[in-house]
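>>> Can you look at this prediction? I've put the sequence above it.
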Amino acid sequence: MEPISIEGTPKTPTVNFDATSGKIEIKGRSIPENSIEFYKPLVDWLESYSSGPASLTEVNIQLEYFNTSSSKCILDVFKKLESIHKAGNEVVINWYYEEDDEDMLEAGEDYQSIIRIPFKMIEIEE
């Protein structure tokens, strides 16, 4: 499976999805013009990945900011990961947030309450 590697811009996050290592990373700001268009290839990639995932899928989410439409798309990404987890594969989500960023911590906790995957909240110093 081809990895996905997208260089971040001021409006879109850096994305690295690697099936071989099972590492999935979304980092930066997510305020694309069209969130659905931006996230659809990621959701499609996870759909393909779900047929033969790595023994451990480690997901690192480190967003400074995301808009409402991105939040829905991020939930779609998590739902794909949840189906991989439900199929008996190990999936861990590391949700990074800056120490003063209550909103980002809360967003992670909101996802955690919806998605049945182990979440680790990781505070980073600015």
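Cool, the structure landed. Numbers count the residues shown, from 1 in each chain.

>>> residues in contact with the closest residue to Glu99 other than its chain neighbours?
Computed as C-beta to C-beta, 6 or more residues apart in numbering, the closest residue to Glu99 that is not its neighbour in sequence is Glu123, at 5.1 Å. Yep, even glycine has a C-beta here, placed from its N, CA and C like the rest. For Glu123, the contact set (C-beta atoms under 8 Å, 6 or more residues apart in numbering) comprises 96-99, 105.

>>> Helices of this protein, start to end?
35-49, 68-86, 102-114 (DSSP state H).

>>> nearest to Ser5, of those?
helix 35-49 (11.3 Å; C-beta to C-beta).

>>> for the record, mean pLDDT for the closest one?
Per-region confidence: helix 35-49 scores 98 on mean pLDDT.

>>> hmm, who's touching that helix?
By C-beta under 8 Å, 6+ apart, helix 35-49 touches 1, 4, 12, 15, 17, 19, 24, 30, 32, 67, 69-70, 72-74, 76-77, 80-81, 84.

>>> Go through the protein and flag its longest strand.
Secondary structure assigned by DSSP state E gives strand 56-66 as the longest strand of the chain.

>>> Other residues contacting that strand?
Under C-beta under 8 Å, 6+ apart, the answer for strand 56-66 is 13, 22-31, 74, 81, 84, 89-96, 98, 104, 107-108, 124.

>>> among the contacts of helix 35-49, which ones are buried?
4, 12, 15, 17, 19, 24, 30, 32, 69-70, 73-74, 76-77, 80-81, 84 (16 or more other C-beta atoms under 10 Å).
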